[in-house]
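> Take a look and give me a structure for this.
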Amino acid sequence: MASQYAPRQHTPVPPSVAATRVDSGYGSSVASSVTDGEHLPPMPILNPAQQQSEFERRQWASHVHQLTYNQNRVALVRSINGMVDTLKGLQRMNTKRPAHYPSVQCADSHPTLPRTQSFADEFNNLPGPSSRPQIPQRAATSIGGSFDLPQQHSTPEPRLVTPQIAKDFNMLKLDLKLGALSPSESVQSLVASLLDDKISQFIKHLLALRERIEDTSSKVLVTGDVNAGKSTFCNALMRRRILPEDQQPCTSAFCEVLDAQKNSNVEEVHAIKEGVKYDHHDESTYNVYTLDQLEDIVVDNDDYHQVKVYVNDVRPINESFLRNGVVDISLIDAPGLNTDSMKTTAVFARQEEIDVVVYVVAAENHFTLSAKEFIWNAANEKAYIFIVVNRFDNIRNKGKEKCQKAIFDQVALMSPQTFKDASELVHFVSSNAVIEGKDASKVKDFEDLERDLRSFVLDKRARSKLAPAKTYLLNLLSDIETLAHVNKEIASAELERVRKELNEIAPAFDRLVKARQKVSDDCDKTTETVTADVYKHSQNAITLTISHLDDAPVVPYSGILDAFGYAEATKQTMLQHVQSSVTESEQYARIQMAECVSSISARGVLHLGNEYIHKAFRPEFMFSRKRDQLSKVVKIELDLADFVDFDFAGQEKQIAGAGMSLTLATVAGSQFFGVGSWVDGLWKIGNLLGFRNAKKLILPVVVLAMVGTGYYILADLPNAVPRKLAKKIRKQLADMDYVHTNADRIAQQCRKVLKFPSEDLRSAFQRGIEKQNKAVEERKQTQKESEVADKYFGNLLRDAKQQRTAVSSLDLEPHTVLEQSQEEQQSQLLENPFADH
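Sure, this is the predicted structure:
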């Protein structure tokens with residue numbers, strides 16, 4: 001079997017045989033038009049047992065190779081479309097619920113050692129052809145560590161994820177530099193914004209990848225540090241001095257060298273200005289120059305950012321790089337990486353649309369920091385990089401081996417797959433000696449390079465064209481799987497935490513609602529009970545005092561000369577007693593209020609704990625208003641009638657005694673004088689004295705009666721004044737409704753006092769209920785969001801694994817299919833050697 005690594009030989013193909021070929025995906029053919037979801041058209045495939053010549057065997061191998069290529073291309077397009085849909089879904093989810101990203105601070109945005117291809121260890125165990133090489137793991141991602149998914153820890157905040165996970169990301173690395181700070185809401189918004197931008201970049205790059213693998217042409221980017229000999233290398237590939245060469249940096253724009261057949265076989269230069277989209281059929285999009293003017297355009301010229309150079313390569317098809325008869329190839333000479341930051345950024349961005357990267361490094365300089373950074377960035381999708389160590393003739397013979405070892409050591413760290421195939425992908429040449437062709441050994445080294453580059457671009461187009469898409473997809477799916485796993489773990493932990501909190505909060509919330517109603521009813525009941533008790537106590541106390549105003553001497557009596565003073569003092573003392581009873585009722589109310597307020601506060605502390613704020617109660621400020629003082633004051637004026645009391649309703653015992661004495665005297669006198677009644681006695685005395693003498697006695701008797709009456713009034717004045725004033729005060733207080741007014745005033749003041757702590761307690765309950773209800777609603781909302789996130793990221797994790805398995809199973813090495821067919825053929829021959837062939 002011919003080796004796949006052998007140089008491609010140009011053999012004329014008969015038209016009848018060429019009609020049965022399936023295009024490789026680079027030229028226009030039926031197979032190249034197959035898109036996602038369509039079936040490949042039927043094609044005749046030769047039976048290996050019927051192949052009689054070497055040409056037919058190669059023809060059959062070409063069929064198998066091209067068929068496999070197109071099938072893999074369609075599968076990759078399908079995977080890219082699925083990946084774009086997955087990323088758009090993640091972007092929508094990230095907008096609704098920001099995804100969590102591991103918190104990590106990196107000292108540098110890139111690892112110390114440049115990274116190459118990266119997958120998890122478990123990828124190597126995925127099903128696939130046994131002959132396929134194991135997928136390498138990214139180097140220098142962490143020190144001595146493999147990819148470990150985060151373990152569950154019993155932490156109060158499940159959002160903090162181990163920083164090691166962030167280091168194991170291949171492409172989804174966000175340089176947050178949060179230090180030891182845990183993500184807050186503002187940081188989560190920042191992460192969501194950065195992640196959204198990153199996803200948009202991924203989608204854009206995937207669409208570019210899809211366009212690239214569907215493109216029929218192939219682009220080769222020649223890049224490297226300043227003055228590494230990139231232009232010299234490109235000229236050596238074409239065996240012509242087309243691009244300007246100099247010891248100083250001379251390439252300031254991207255020079256894309258293409259076959260002049262695309263320009264009607266006219267050699268010329270199309271210079272494109274910044275911001276203008278090139279259209280070959282629209283001359284307004286570019287300026288036309290000759291090849292001789294190319295040096296003036298690209299050397300120290302900032303007018304143009306890109307130059308299209310159309311040249312004729314007259315060498316045979318099996319030797320020409322541009323006109324190879326299989327693939328339309330464009331050779332892009334880029335400005336030096338460390339020319340300036342703008343051009344370096346342009347080179348980094350340009351490599352995303354490139355199929356093959358040829359990195360030119362000066363033998364005397366080795367790989368610089370910018371070279372390592374570029375290769376690390378390119379390794380996101382390109383596992384294989386063609387490396388040209390130029391000006392190797394400048395190294396002394398004794399130092400050549402040392403130089404090669406140093407280069408290989410650096411390549412092994414930067415790109416393990418490239419190092420694995422270093423015999424084909426790493427070449428030490430002297431490009432400046434090729435065009436002259438004076439040194440046969442140097443020309444031979446360059447021809448070996450050219451043969452391997454042609455094989456890599458043309459024969460091994462699955463590596464150069466499809467492998468970058470596969471590598472990029474696997475790297476991206478690995479990151480998506482890691483991110484999905486982290487977020488699913490967070491969502492599950494958050495869901496469990498929220499459910500646990502709801503189980504604790506919901507019963508407490510129900511108890512608080514029931515307690516509020518009970519406490520409110522108790523406060524109302526207490527208010528009514530205490531208010532009624534205070535009213536009744538005040539009413540009884542004031543009424544009792546008023547009813548006993550004249551039971552005992554109020555003030556001492558000092559004689560008739562101080563009768564008015566005695567009456568005034570008696571009045572003031574009686575009124576003072578009445579007011580004292582009111583004051584005593586107010587004091588009783590204060591005591592009751594202090595107890596009730598304490599009782600209400602105790603209920604608040606019992607049910608609400610520290611949420612209840614107890615306000616100090618100052619009972620001494622009760623009844624301190626001027627209105628309360630005036631309500632107790634009674635004004636009564638004295639008059640002469642207050643000194644005489646002819647109302648004997650209160651002197652029944654004295655009057656009854658005097659009547660009994662008079663009755664006894666009358667009976668005794670009548671018996672003694674023989675008179676039957678006092679009327680008879682008066683008649684007899686009148687007859688005895690005579691009417692004239694009786695008339696004379698009337699005046700003395702009247703005077704005597706008046707004197708007796710006056711004496712009685714004066715003698716009864718100490719008792720009459722209190723009685724008369726008590727009657728007068730009772731009457732006036734009754735007319736004022738004094739007892740009810742003050743009892744009701746005291747009770748209403750108590751009701752008002754109890755209203756404040758009761759309302760405060762109700763407000764505290766309401767605040768507590770609202771707070772608990774808000775907490776319940778927030779946790780229910782969080783539970784709902786966590787359930788959605790848990791389901792989404794679980795599905796995302798499953799889909800990412802399935803997509804990763806599908807992509808990993810794609811075998812981009814077509815020789816394995818040919819070998820498998822030949823092995824099956826040989827096994828059939830061994831089983832039945834006499835069968836017809």
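
> So what's the residue count around K398?
K398 has 7 neighbours, counted by other C-beta atoms under 10 Å. For every residue, glycine as well, the C-beta is placed using N, CA and C.

> what helix or strand is it on?
Secondary structure from DSSP states H and E places K398 in helix 397-414.

> packing partners for that helix?
helix 369-378, strand 386-390, helix 416-420, strand 426-428 (3 or more C-beta pairs under 8 Å, 6 or more residues apart in numbering; DSSP states H and E).

> partners of the second one in the sheet?
Paired neighbours of strand 386-390 in the sheet (DSSP bridges): strand 356-362 (parallel), strand 426-428 (parallel).

> In the helix holding K398, which residues are buried?
Buried residues in helix 397-414, counted by 16 or more other C-beta atoms under 10 Å: C403, Q404, I407, Q410, V411, L413, M414.

> one step back: kindly reformat the strands paired with strand 386-390 as CSV containing mean pLDDT and mean neighbour count.
As requested, these are exported to CSV (pLDDT from 0 to 100; neighbours: other C-beta atoms under 10 Å):
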stretch, mean pLDDT, mean neighbour count
strand 356-362, 90, 24
strand 426-428, 93, 21
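
> Can you say which of those is nearest to E620?
strand 356-362 (92.1 Å; C-beta to C-beta).

> angle of that closest one against helix 369-378?
Interaxial angle of strand 356-362 relative to helix 369-378 (axes from the mean of the first three to the mean of the last three C-alpha atoms, to 10 degrees): 160 degrees.

> Just the CA atoms of strand 356-362, as CSV, please.
C-alpha atoms of strand 356-362 as CSV (Å, rounded to 0.1, in the frame of the first residue of the first chain):
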residue,chain,number,x,y,z
VAL,A,356,-2.9,26.5,7.6
VAL,A,357,-0.5,28.5,9.7
VAL,A,358,3.2,28.4,8.6
TYR,A,359,5.2,30.0,11.4
VAL,A,360,8.6,31.3,10.3
VAL,A,361,11.2,31.6,13.1
ALA,A,362,14.7,32.8,12.8
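
> which outside residues touch that strand?
218-225, 227-230, 233, 351, 367, 371, 374-375, 378, 382, 385-391, 407, 453, 456-457, 464 (C-beta atoms under 8 Å, 6 or more residues apart in numbering).

> Other residues contacting stretch 198-215?
Contacts of stretch 198-215 from elsewhere in the structure, counted by C-beta under 8 Å, 6+ apart, are 25, 35, 73, 76-77, 80-81, 83-84, 87-88, 90-91, 94, 171-172, 174, 352-353, 355, 381, 465-466, 468-469, 472, 476.

> Tabulate the CA atom coordinates of it in CSV.
Presented in CSV, the C-alpha positions along stretch 198-215 are these (Å, rounded to 0.1, in the frame of the first residue of the first chain):
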residue,chain,number,x,y,z
LYS,A,198,-17.4,35.6,24.8
ILE,A,199,-20.3,33.6,23.5
SER,A,200,-20.9,36.1,20.7
GLN,A,201,-17.2,35.7,19.7
PHE,A,202,-17.6,31.9,19.7
ILE,A,203,-20.7,32.1,17.5
LYS,A,204,-18.9,34.5,15.1
HIS,A,205,-15.9,32.2,15.0
LEU,A,206,-18.0,29.1,14.5
LEU,A,207,-19.8,30.7,11.5
ALA,A,208,-16.4,31.6,10.1
LEU,A,209,-15.3,28.0,10.6
ARG,A,210,-18.4,26.7,8.8
GLU,A,211,-17.7,29.1,5.9
ARG,A,212,-14.1,28.0,5.9
ILE,A,213,-14.7,24.3,5.7
GLU,A,214,-17.3,24.8,3.0
ASP,A,215,-15.0,27.0,1.0
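
> buried set for that stretch?
Going by neighbour count (16+ other C-beta under 10 Å), the buried part of stretch 198-215 is K198, I199, F202, I203, H205, L206, L209, R210, R212, I213, E214, D215.

> where along the protein do the strands fall?
217-224, 254-259, 268-273, 287-289, 304-311, 328-333, 356-362, 386-390, 426-428 (DSSP state E).

> before we move on, back to that, want to throw the buried residues of stretch 198-215 into JSON lines with pLDDT?
As requested, those are arranged in JSON lines below (pLDDT from 0 to 100):
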{"residue": "K198", "pLDDT": "89"}
{"residue": "I199", "pLDDT": "91"}
{"residue": "F202", "pLDDT": "91"}
{"residue": "I203", "pLDDT": "93"}
{"residue": "H205", "pLDDT": "88"}
{"residue": "L206", "pLDDT": "91"}
{"residue": "L209", "pLDDT": "85"}
{"residue": "R210", "pLDDT": "89"}
{"residue": "R212", "pLDDT": "81"}
{"residue": "I213", "pLDDT": "83"}
{"residue": "E214", "pLDDT": "83"}
{"residue": "D215", "pLDDT": "79"}
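
> The residues you listed in helices, which ones?
K198, I199, F202, I203, H205, L206, L209, R210, R212, I213, E214 (DSSP state H).

> Check those and tell me the two furthest apart.
Across these, the longest distance by C-beta to C-beta is 24.7 Å; it joins K198 and E214.

> follow-up on the earlier one: buried deepest among the helices and strands packed on helix 397-414, which one?
Among the helices and strands packed on helix 397-414, strand 386-390 has the highest mean neighbour count (mean count of other C-beta atoms under 10 Å), at a mean of 26.

> just the angle between that one and strand 217-224, please?
Using the same axes, to 10 degrees: strand 386-390 against strand 217-224 is 40 degrees.
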